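**Student:** Kindly return the folded structure for what I paste below:
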Amino acid sequence: MPEPHEEEKVEPSEGVIRHEDYVTLYANNVQFQPWDSDLRMTFGELDLRKGKVVTEQHTAISISWLQAKIMLYFLGLQVAVQEIANGKIKIPDRLFPPEPTPPSGDFENDPVAIKVYEYIKEQREKFLATL
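**Tutor:** Just a heads-up that it's a prediction; the model follows:
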C-alpha cells in the first residue's frame, strides 16, 4: 500500500493559502455520484483483504458541474503531458471500462436513455483506441 505523499516544499501560488487542516492523501480508486447540482467523487484505495480485493474509501469531495467541466479540461491536459513526457500509460485489461448496457425495460425506447447509451459507448471506444 503506497504511503501518502509527503508535503511538498513548494509554496502555493500567490493568492492561494492552505487551510490548517490541509492534508495530502493517496487514492487509486474513485467513484462518481452525480446529483442535479454537483458531482461527488469518493476516493479510496484498493486493498487485498482475506484474499479479496476491496476498496477502502477515505474521502469524498463534491464539486459543482462548472468546476467538473473545467477540471475535465485540465485533467486531460495533465494526462496528455504525462504521456508525451513518459510514454503511454499502460492500463491492464481487467481495468478497462466495461461495455455499457443498452437501455431496457421502461428505458428501452427512451430517447434520452438511448442518447446517453450511445454517447457512453462512443466515448469508451475512443478511450480504448488511445491505449
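
**Student:** Check what pLDDT E11 gets.
**Tutor:** We note a pLDDT of 69 for E11 in this prediction.

**Student:** before we move on, what about the one 10 residues further on?
**Tutor:** What the model reports for D21 is a pLDDT of 91.

**Student:** what's next to the host helix or strand of L72, contact-wise?
**Tutor:** Using DSSP states H and E, the element containing L72 is helix 65-86. Contacts with helix 65-86, where a contact means C-beta atoms under 8 Å, 6 or more residues apart in numbering, come from S37, D38, L39, I63, I89. (Each C-beta comes from the backbone N, C-alpha and C, glycine too.)

**Student:** out of everything not next to it in sequence, what's closest to the residue of the chain most remote from its centre?
**Tutor:** In the chain, the residue that sits farthest from the middle, by C-alpha atoms, centre = their mean, is N109; the gap is 29.8 Å. Using C-beta to C-beta, 6 or more residues apart in numbering and skipping the chain neighbours, the partner closest in space to N109 is P103 (8.0 Å).

**Student:** what about that neighbour, neighbour count?
**Tutor:** 18 (other C-beta atoms under 10 Å).

**Student:** can I assume it is in contact with I114?
**Tutor:** Yes: here P103 lies in contact with I114, judged by C-beta atoms under 8 Å, at a distance of 5.9 Å.

**Student:** can I assume D38 is in contact with A60?
**Tutor:** No: D38 lies out of contact with A60 (C-beta under 8 Å); the separation is 11.3 Å.

**Student:** residues contacting the residue most central in space within the chain?
**Tutor:** Against the mean C-alpha coordinate of the chain, by C-alpha atoms, centre = their mean, the closest residue is V30 at 5.3 Å. V30 is in contact with M41, T42, F43, G44, counting by C-beta under 8 Å, 6+ apart.
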